[in-house]
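Visitor: predicted coordinates and the sequence they were generated for:
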Amino acid sequence: MNFDEYVDRSVYPTLKWSKSFLAKYFGNEEAIPMSVADMDLKAPPAVIEQLQKRAAHRIYGYEYRPESYFAALIAWYQDRHGWQIERGQIEPSPSILSAIAILINQHSDEGDGVILQTPVFFEFRMAIKSSRRKVIKNPLKLVEGHYQMDFEDLERKAADPRNKVLILCSPHNPVGRVWSTAELAQVAEICRRHDVFVIADEVHGDFSFSPHRFVPYLKVAGGENGAACISPAKTFNISGIVNALTVIPDEEHRRRFHEFTQRYWVNKVNVFASAATEAAYKDGGAWLDALLAYLRGNVDFIRSYLHHNDIGISLIEPEGTFLAWLDFRELGLDAKALERFLSQDAQLALAPGYWFGREGAGFARMTIGCPRETVQRALDRLASATRRLRYGEGI
Ligand SMILES: Cc1ncc(COP(=O)(O)O)c(C=O)c1O
């Protein structure tokens, strides 16, 4: 496990690294790609071995998901998160977002409101809009460098009978919060009282930095008005091998979800996804622990760099995820000017904060699941660009 190793991803049509993606979204093919939330790090050896073994078999016909696949997933959640998932409550889906789109459709009607805790992963908004629902914001509050939920506002939004669903991002992309049991219990209590269905997107659930610990929403809330979307995609850096699972405790909700995936045939088994997932959950634990230590090292590196170089940028301390949410407000640039500054002056492809909602303006998200050297190069570029911005070209 050498996370410092640089692996050239440009040899494949990698979204994050492709020149066309960099040109389209950043107007700069030379920008260091740090926007997409996948990692520039090799998958666990156990996953690679299993995929090689599966490929070597040379027949890739129809398969079913074996019980050993579900057993590996259940054991992982029990061991790492103390959550006992019932086998019968799991419904597969192609991806987290497809599950979210289905759940939005099943728990609201056109024109209804879906609550988001902004700034938040921008594709939630797209999923809501393409289902012709309304985005209802329950913005997070930033209090002394720490994001918090605004429960009074959530109470008001949940009380409106037109608002039927809340998408809970746990841990939170992009701000890096790992919600506590008390916070999740409060969300559950408010949503239960107002009959708001909670879709808990827990794709980042395996990334938390001690002493913070990820708490599965359903473990706190029980099941009657919620579902959890989980997947090995982020944890083991296999998001190109699409595969997700939805835990739906309520029998009637689950039956409807199942019927939908059958009706639209979005329940096919990808043999490589099954092989990778089972291997990862069975044998990927030590690799993940090493990765978490490395990511924590990247966070420490950023903190210390920003502390020692006064460049007007600060880090919102992440409690989890492999994303760094950087605060550029001191530079005094508006959202568009900051976007230009990052992509043109600093030559970096970071996700500008306003992509996550207006509340993200003045911030940007840097994906730090990459060798530390890439993080250092990015910070060096930021440091020179901010010096030029503040003191002019002569510096
Ligand atoms: C919070 C969150 N949910 C969902 C996704 C996408 O998951 P999938 O590719 O399985 O749809 C991402 C990817 O960045 C994410 O960060």
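Guide: Perfect, thanks for sending it. Residues are numbered from 1 along each chain as shown.

Visitor: helix/strand/coil for Ile190?
Guide: Secondary structure state of Ile190, per DSSP: H, G, I helix; E, B strand; the rest coil, is helix.

Visitor: okay, it: pLDDT?
Guide: If you check Ile190, the pLDDT there is 98.

Visitor: residue contacts, it?
Guide: By Cβ atoms under 8 Å, 6 or more residues apart in numbering, the contact set of Ile190 is Phe151, Leu154, Glu155, Ala158, Val196. Backbone N, C-alpha and C define where each C-beta goes, glycine included.

Visitor: repeat that for 10 Å
Guide: The contact partners of Ile190, by Cβ atoms under 10 Å, 6 or more residues apart in numbering, come to Met149, Phe151, Glu152, Leu154, Glu155, Arg156, Lys157, Ala158, Ala159, Leu166, Val196, Val198.

Visitor: again, but for Asp195
Guide: The neighbours of Asp195, taking Cβ under 10 Å, 6+ apart as the test, are His107, Ala158, Pro161, Asn163, Lys164, Asn225.

Visitor: which non-adjacent residue is nearest the fourth one?
Guide: In space, Asn163 comes closest to Gly113 once its chain neighbours are excluded; the distance is 3.7 Å by Cβ to Cβ, 6 or more residues apart in numbering.

Visitor: the last one too?
Guide: The spatially closest residue to Asn225, leaving aside those adjacent along the chain, is Phe197, at 5.3 Å (Cβ to Cβ, 6+ apart).

Visitor: same deal with the second one?
Guide: Taking Cβ to Cβ, 6+ apart as the measure, Ala158 lies nearest to His194, with 4.0 Å between them; neighbours along the chain are not counted.

Visitor: close to the ligand: what parts of the stretch 151-300 of the chain are there?
Guide: Where the stretch 151-300 of the chain comes near the ligand, counting by Cβ under 6 Å from any ligand atom, the residues are Cys169, Asn173, Asp201, Val203, His204, Ser231, Ala233, Ser239, Ala244.

Visitor: surely the second one meets Val120?
Guide: Yes - counting by Cβ atoms under 10 Å, Asn173 does reach Val120; the two are 7.1 Å apart.

Visitor: need the overlap of contacts for those two.
Guide: Contact criterion Cβ under 10 Å, 6+ apart; residues shared by Asn173 and Val120: Asp201, Phe356.

Visitor: helices of this structure, start to end?
Guide: 19-26, 45-57, 67-81, 96-107, 123-130, 151-159, 181-193, 217-221, 251-263, 271-283, 285-308, 335-340, 372-391 (DSSP state H).

Visitor: using PDB, list the CA coordinates for the last one.
Guide: So that's helix 372-391. The C-alpha trace of helix 372-391 is given here as PDB (Å, rounded to 0.1, in the frame of the first residue of the first chain):
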ATOM      1  CA  ARG A 372       0.400  14.000  -0.900                       C
ATOM      2  CA  GLU A 373       2.700  15.500  -3.600                       C
ATOM      3  CA  THR A 374      -0.400  16.500  -5.600                       C
ATOM      4  CA  VAL A 375      -1.800  18.200  -2.600                       C
ATOM      5  CA  GLN A 376       1.500  20.000  -2.100                       C
ATOM      6  CA  ARG A 377       1.700  21.100  -5.800                       C
ATOM      7  CA  ALA A 378      -1.900  22.400  -5.500                       C
ATOM      8  CA  LEU A 379      -1.100  24.400  -2.400                       C
ATOM      9  CA  ASP A 380       2.100  25.800  -3.900                       C
ATOM     10  CA  ARG A 381       0.000  27.000  -6.900                       C
ATOM     11  CA  LEU A 382      -2.500  28.500  -4.600                       C
ATOM     12  CA  ALA A 383       0.200  30.300  -2.600                       C
ATOM     13  CA  SER A 384       1.800  31.900  -5.600                       C
ATOM     14  CA  ALA A 385      -1.600  32.900  -7.100                       C
ATOM     15  CA  THR A 386      -2.700  34.500  -3.900                       C
ATOM     16  CA  ARG A 387       0.600  36.400  -3.600                       C
ATOM     17  CA  ARG A 388       0.200  37.700  -7.100                       C
ATOM     18  CA  LEU A 389      -3.400  38.700  -6.300                       C
ATOM     19  CA  ARG A 390      -2.400  40.500  -3.200                       C
ATOM     20  CA  TYR A 391       0.900  42.100  -4.100                       C
END
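
Visitor: next, the buried residues of that helix.
Guide: For helix 372-391, the neighbour count (16 or more other Cβ atoms under 10 Å) marks Arg372, Thr374, Val375, Ala378, Leu379, Arg381, Leu382, Ala383, Ala385, Thr386, Arg387, Leu389 as buried.

Visitor: of these, list those near the ligand.
Guide: Applying Cβ under 6 Å from any ligand atom to the buried residues of helix 372-391, none is adjacent to the ligand.

Visitor: surely Phe122 is in contact with Ile167?
Guide: No - assessed by Cβ under 10 Å, Phe122 is found out of contact with Ile167, at 12.0 Å.

Visitor: between those two, which has more neighbouring residues?
Guide: Higher neighbour count among Phe122 and Ile167: Ile167, with 25 against 18, using other Cβ atoms under 10 Å.

Visitor: for that one, give me the pLDDT.
Guide: pLDDT, Ile167: 98.

Visitor: ok so, going back, let's have the contacts of Ile190 in JSON lines, adding distance to Ser10.
Guide: Converted to JSON lines, the contacts of Ile190 look like this (distance: Cβ to Cβ, whole Å):
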{"residue": "Met149", "distance to Ser10": "40"}
{"residue": "Phe151", "distance to Ser10": "45"}
{"residue": "Glu152", "distance to Ser10": "48"}
{"residue": "Leu154", "distance to Ser10": "43"}
{"residue": "Glu155", "distance to Ser10": "49"}
{"residue": "Arg156", "distance to Ser10": "48"}
{"residue": "Lys157", "distance to Ser10": "44"}
{"residue": "Ala158", "distance to Ser10": "46"}
{"residue": "Ala159", "distance to Ser10": "50"}
{"residue": "Leu166", "distance to Ser10": "39"}
{"residue": "Val196", "distance to Ser10": "44"}
{"residue": "Val198", "distance to Ser10": "40"}
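
Visitor: looking at the residues you listed, spot the one nearest Ile311.
Guide: Met149 (30.6 Å; Cβ to Cβ).

Visitor: list the residues that contact that closest one.
Guide: Met149 makes contacts with 117, 138-141, 168, 172, 177, 179, 183-184, 186-187, 190, as judged by Cβ under 10 Å, 6+ apart.
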